[in-house]
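J.: only geometry, no sequence info:
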């Protein structure tokens, strides 16, 4: 669980960094964060099965 939280934190930091370099719409940034979170969840499920 801690591991997942660290990955999530990294994803959020990465998105924030990208936003500072390339200003994009907040909706797009939020969507990309959700996409990364979804990807991590899917990866975790694949690893468990």
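T.: Now that the structure is in, tell me what you want to look at. All values derive from a computational prediction rather than experimental measurement.
J.: in the helix or strand where residue 30 lies, what's buried?
T.: In this assignment (DSSP states H and E), residue 30 forms part of helix 26-48. Applying a neighbour-count criterion of 16 or more other CB atoms under 10 Å, one finds 29, 32-33, 36 buried in helix 26-48. Just so you know, the C-beta spots here come from the backbone N, C-alpha and C atoms, and that holds for glycine as well.
J.: so, low pLDDT: which residues of the protein?
T.: Applying pLDDT under 70 to the chain picks out residues 1-2, 49.
J.: and with 80 instead?
T.: The model of the chain has pLDDT under 80 over residues 1-5, 7-8, 11-12, 15-16, 18-30, 33, 48-49.
J.: hmm, back to that, could I get the buried residues of helix 26-48 as a markdown table with distance to residue 17?
T.: Formatted as a markdown table, those follow (distance: CB to CB, whole Å):
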| residue | distance to residue 17 |
| --- | --- |
| 29 | 11 |
| 32 | 12 |
| 33 | 12 |
| 36 | 13 |
